[in-house]
Structure formats: structure tokens, C-alpha cells
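Engineer: coords below, sequence missing:
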Ligand code: ADP
């Protein structure tokens, strides 16, 4: 399960990268192939020039087929937002986490009542919760408390100082806290870098927080980190609340799962 989690993290990152590159590359190919067609349509060609232009067009067609394949492979990485109750995502993640955290870690959730919905990609948000929670677990090798909490938050004029990238309005906050080892200033400064890890080879990919950052950015949100050495770490994620109607909720899924208190 542990290996599956790291593999999923890698595939997500590679897919995201491939998707981004393929998309940009495809735009360039459209230009190349378009001008190539223009050249081929001209009649004043020597045979050698025509052969060269045809070779360019054929290579362009093959490149286009390749980028299409890449885009198909990375389709899962492309955001498919829907109206979402974050409490449901947390509940789903907790079921998986129960198998990933050791007996020494107490997991508890504090879901807000009447949590505003967000517009987000459910599998990406679930991956965000999982990445943060698994990091929290790794920060508590001797055990501790892992808390996942949701809240409605309202940002007013003047809160720009705390959240420079966010406009005033309604947000939903997801906080993942641990009572673990915390981070040094150096780690804090580099934690979002892809492939930055302090974990043993094979234990960390260095992709978890880069993915968290990327997903939150594409959803118009904000990541805040509080960490104190020897005390613990809290990641707070703000996502804009949506005014769209609530998703059809399945009552069973909304019951918060608790382990310990
Ligand atoms: P990975 O978990 O594979 O190392 P991440 O990008 O998720 O990659 O994390 C990068 C680094 O940030 C970790 O190696 C660790 O040093 C630090 N880190 C992340 N979350 C926490 C946490 N909750 N407590 C302490 N350190 C953390």
C-alpha cells in the first residue's frame, strides 16, 4: 500500500508534467504543420524542396500523434472540477489512512457543520489530503496526533496582508496538523520544490508538496504552513467556496470517521 501511494504520487506528477508539456508542444506543432501546408500549396517548387517540405509535414504528423498519446496518458491529471463537499473527501481519505498510519498515531477529524461547497477535482483534492496526512505520519515516527479539520472562512478587506493572493470572500479551509518533529527554516524554504525530500531514498519522492502546491494553485487557493521544531506542523489550505448548489450528498458518506478523540 505504501509503495502504491508513492507510485501514485509519481504517476500524478509525471502525468501533470507530460500533460503540460504536451499541451504547449501541440500548440507549436499546429503552427509548424500549418506553415508546412502553406509551403506545400505553393507551386513554384524544385523536387528537392518539395521532398524536404513533405518530410517536415510527415514528422510533424508523427509528433502530433505522439502528443495526442501523451495527452491521453495524462488525462487524469487534467482538472475535472465539480461541486464538492470537502468533508466527504476527508471521510474517504480517512478510510485509506487508517491502513497507512501506525497504531501510535491517533487520527481524528473535525469536520465543520454546514461546510460551504467548493468547485474542485475530487481525486486531486483527495491526493492533496493523502499527501499531507502521510507527511504528517512520517513526521511522527514515535507516534502522536494527526488532525484533519475543515472550516468555513471569510476573508475581509485588509486580510490581504495574511493572504496576499486571495480576494476577499468566502473560503473553505482544510487543515492537516501533526504533533511531529516540525521543520527547520531550510526545509520550510524548499519543501514545495519538486524532488526535494529529507526522507531516506525509497521512502520519499519529494513530489508530495509540489503536487499539493500545484493543485491548490490551479484551484485558485492558498497554502499556509505553520511549523515549529519539536512541536509539530500545520498545513492550512484555503479553497474558494462556490455559490453553486450543494452536491447530491450520500448521507452515509457524510458521517465523520473518528479514531481516538
Ligand atoms: P516527501 O514526503 O516525498 O519527502 P514532500 O514534497 O511531500 O516529499 O515533502 C518534502 C519535505 O518536506 C519532506 O521530505 C519533509 O522534510 C518536509 N515535510 C513535509 N511535510 C512535513 C511535516 N508534516 N512535518 C515535517 N516535515 C515535513
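Structural biologist: Received the coordinates, thanks. Model, not experiment: these values are computed from the prediction.
Engineer: helices along the stretch 151-261 of the chain, start to end?
Structural biologist: Using DSSP state H, counting those that start in this stretch, the helices of the stretch 151-261 of the chain run over residues 185-190, 208-218, 251-254.
Engineer: quick one, which of those helices is packed in tightest?
Structural biologist: helix 208-218 (a mean of 21; mean count of other Cβ atoms under 10 Å). The way it works is simple: take the backbone N, C-alpha and C, and place the C-beta from them, glycine included.
Engineer: give me the residue from the stretch 151-261 of the chain nearest the ligand.
Structural biologist: Proximity of the stretch 151-261 of the chain to the ligand (Cβ to the nearest ligand atom) peaks at residue 208, 2.5 Å away.
Engineer: what's the per-residue pLDDT of that residue here?
Structural biologist: Confidence at residue 208, expressed as pLDDT, is 90.
Engineer: contacting residues around it?
Structural biologist: 9, 131-132, 134-135 (Cβ atoms under 8 Å, 6 or more residues apart in numbering).
Engineer: next step: these restricted to helices.
Structural biologist: If you go by DSSP state H, the contacts of residue 208 have 9, 131-132, 134-135 in helices.
Engineer: so which bits of this protein are right by the ligand?
Structural biologist: Within the chain, the positions adjacent to the ligand are 131, 135-136, 139, 178, 180-183, 187, 191, 196-199, 204-210, 233 by Cβ under 6 Å from any ligand atom.
Engineer: and the helices of the stretch 151-261 of the chain, which one averages the lowest pLDDT?
Structural biologist: Ranked by mean pLDDT, the helices of the stretch 151-261 of the chain end with helix 251-254 in last place, scoring a mean of 46.
Engineer: that older thread, of all the contacts of residue 208, which two lie farthest apart?
Structural biologist: 9 and 132 (12.1 Å; Cβ to Cβ).
Engineer: looking at these two, which one has more neighbours?
Structural biologist: residue 132 (26 against 21; other Cβ atoms under 10 Å).
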